[in-house]
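1. build me a structure from this.
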Amino acid sequence: ISLSNTETPEPDVTPLLDKALALANTSRSQRSIAEPWESGHTTGARMAVLVDLYSNPFYLPPFCQVFGARYSGTRGAVSPMKLLDNTFDMLNLDDLTRKSGDYPGMSLIDALEQLQALHHRGLIESKYRSELSATVDKWPEELQEAMSILVQGFTQASLKRREALKNLSMEQIKKLNNDIQTWVQDPGTLDGSNFLNGVNDRFVTELKLLRKIDYTSLFNSARIMMEAVEFSRTRLEAAREKLQVGSYDEIYLKFHSAAGTIIIGGMGVNRYYEDAALLIDLGGNDVYRNNAGGFIDEHDGVCCLIDMDGNDYYENLNPGTVGGTICGSGLLIDYDGHDTYRSDCLGQGSAICGVSMLYDESGDDIWMGNVFTQGAALFGIGLAVDVGGNDAFHCKSLSQGFASSLGAGILVNVSGNDTYNAGPAW
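-> Next up is the predicted model:
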C-alpha cells in the first residue's frame, strides 16, 4: 500500500482492507479486538493510544500515514516545537498547549532576577548587577532579547517541573534518580531481560514513586522550554550576523542561577566541561564533555543546549546526558554542522520519567550509543530527530525508537542516505 500524504487517508486504505477481509469471509467490525485481550494484564502502564490501536488494529495504517506526514514535514516545516506538539497530539495528551508568545518585555538582568526570586533566592547584589549590565550592554540587541526569552522560558519550565514533583520529597527524588542511573547500567538492562521479565520486588518502590508524579505538568515543562527555544531562534541568528568570530573558549556569560548554571559561548572554538542547565553556543567547532543538554542532578531538572553552527563533538558516558533526561526535561538542539554524538545509556533523545529531544537539523552526523538511546522512553517521551544529511546511527539494543511502560520512543529521520546499525540483542 502506498501511503500518500493527506490528513484524510481512510479512503485510500479502507477499501483495500475491506476487499482483503471480504476474501477471508470477514470484515473489519468482526476483526476488531475487544478489551478482553488484556486478560491477565493491566493497562495501567500502557498509554491509551496503544490500547486504542490494539483494539482497532485496522486504524494503524492511516494513523501511521497521518503522523508520518507530520513528522516528515510534509504538513509544514519541521521544528523542535512542532515535533513535540505532534507527539502530544499522537498520544492524545490534553492540557499541553501554552499560550504562544507569553514573554513580557524585560531586560535579561530583570529576567535573571525573576529567576532567582521565583526560586526563593535573593536579588542579585548591586555590585554584580552593575558588572553584569555592563557586560550585557555590549551585546547586540537581538542577543539580549533572545536570552531574556530563554531565561523566562527556563524559569517557567523549572517551576512547572517542580510542580510535577511536588508529591515527592527531595530525598525521594534523589533516590529515584540514583536508582534509575543504577538500573540503566544493570546487566539485566544491558541484555534486555529487565524489560522482558516484568516488574519484580526490586522495582516496587520506584514504581510507587513514579506514580506520584504529575506527568501533565512534567510534559508541560518541556513544552514551555521548547517554545522559548522556538521564539529565540530568529533573534539568535540575527545576533550572529553582528558578532565576530572569537578566540578559543570565549564565554560571553556564566551565571550560577538558582535553577542551574547558564552559559553563553561565543563564535569561536569552545570546550565545555562544566555542566550547564541552559547553554547557548553561537558558533564554532565545539567540544562538549559536560551534560550536553542532559541530566545533571535532582535539583537541575530542566536542561537545554542550543548550538547554532559548527562541526561539534558531544561526549559523556554518564546516564541521562547528551540530550537525555531523568525526572525532567533534556533538550539538545543543534542547527547546523557535521556533528558527532557519543553517549552510553539513556542519551540522545531518551527519557525515563520526563521528556527529552536531540534535534539535529543538518549535516552528516554520527550517532554512537549503547543501550536505551536514540529515541527511547520509559514513563516519558524520547525523541531523536535528524532532519537532513547522510547520517550513521550505531547502538547496541533497546534503541532507535524503543519504548517500555508508559513510554513513547521515536526516531525521526527526514532525509538523507543513512545507515542504522543495532546490536544483536533486541
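
2. can you show me the helices along the stretch 151-300 of the chain?
-> Taking DSSP state H, counting those that start in this stretch as the criterion, the stretch 151-300 of the chain carries its helices at 170-184, 187-190, 193-196, 204-211, 215-240.

3. any chance of those in JSON lines, with mean pLDDT, distance to residue 135 and mean neighbour count too?
-> All C-beta spots, glycine's among them, are computed from the backbone N, C-alpha and C. What follows is those, written out as JSON lines (pLDDT from 0 to 100; distance: least, C-beta to C-beta, whole Å; neighbours: other C-beta atoms under 10 Å):
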{"stretch": "helix 170-184", "mean pLDDT": "89", "distance to residue 135": "34", "mean neighbour count": "17"}
{"stretch": "helix 187-190", "mean pLDDT": "70", "distance to residue 135": "45", "mean neighbour count": "15"}
{"stretch": "helix 193-196", "mean pLDDT": "63", "distance to residue 135": "49", "mean neighbour count": "15"}
{"stretch": "helix 204-211", "mean pLDDT": "82", "distance to residue 135": "42", "mean neighbour count": "15"}
{"stretch": "helix 215-240", "mean pLDDT": "94", "distance to residue 135": "15", "mean neighbour count": "21"}
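
4. how about low-confidence regions in the stretch 1-150 of the chain?
-> Along the stretch 1-150 of the chain, segments meeting pLDDT under 70 span 1-14, 17, 28-45, 74-77, 94-101.

5. how about the strands of it, start to end?
-> In the stretch 1-150 of the chain, no strands are found when defined by DSSP state E, counting those that start in this stretch.

6. hmm, back to that, tabulate the helices of the stretch 151-300 of the chain (JSON lines), appending distance to residue 109.
-> Output for those, formatted as JSON lines (distance: least, C-beta to C-beta, whole Å):
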{"stretch": "helix 170-184", "distance to residue 109": "30"}
{"stretch": "helix 187-190", "distance to residue 109": "45"}
{"stretch": "helix 193-196", "distance to residue 109": "48"}
{"stretch": "helix 204-211", "distance to residue 109": "38"}
{"stretch": "helix 215-240", "distance to residue 109": "17"}
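
7. so which of these is nearest residue 324?
-> Among the helices of the stretch 151-300 of the chain, helix 170-184 comes nearest to residue 324, with 9.5 Å by C-beta to C-beta.

8. so what's the gap between the closest one and the chain middle?
-> The chain centroid and the centroid of helix 170-184 are separated by 20 Å under C-alpha atoms, centre = their mean, to the nearest Å.

9. for residue 138, find the nearest of the helices of the stretch 151-300 of the chain.
-> Residue 138 sits nearest to helix 215-240 of all the helices of the stretch 151-300 of the chain, at 12.1 Å, using C-beta to C-beta.

10. same for the closest one, what does it pack against?
-> helix 80-90, helix 141-164, strand 302-307, strand 324-334, strand 350-360, strand 376-386 (3 or more C-beta pairs under 8 Å, 6 or more residues apart in numbering; DSSP states H and E).

11. any chance of TSV for these, columns mean neighbour count?
-> What follows is the helices and strands packed on helix 215-240, written out as TSV (neighbours: other C-beta atoms under 10 Å):
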stretch	mean neighbour count
helix 80-90	20
helix 141-164	23
strand 302-307	28
strand 324-334	31
strand 350-360	32
strand 376-386	29
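
12. could I get those as a markdown table with distance to residue 73?
-> As requested, the helices and strands packed on helix 215-240 are exported to a markdown table (distance: least, C-beta to C-beta, whole Å):
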| stretch | distance to residue 73 |
| --- | --- |
| helix 80-90 | 8 |
| helix 141-164 | 24 |
| strand 302-307 | 20 |
| strand 324-334 | 16 |
| strand 350-360 | 13 |
| strand 376-386 | 11 |
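
13. right, I'll leave it there.
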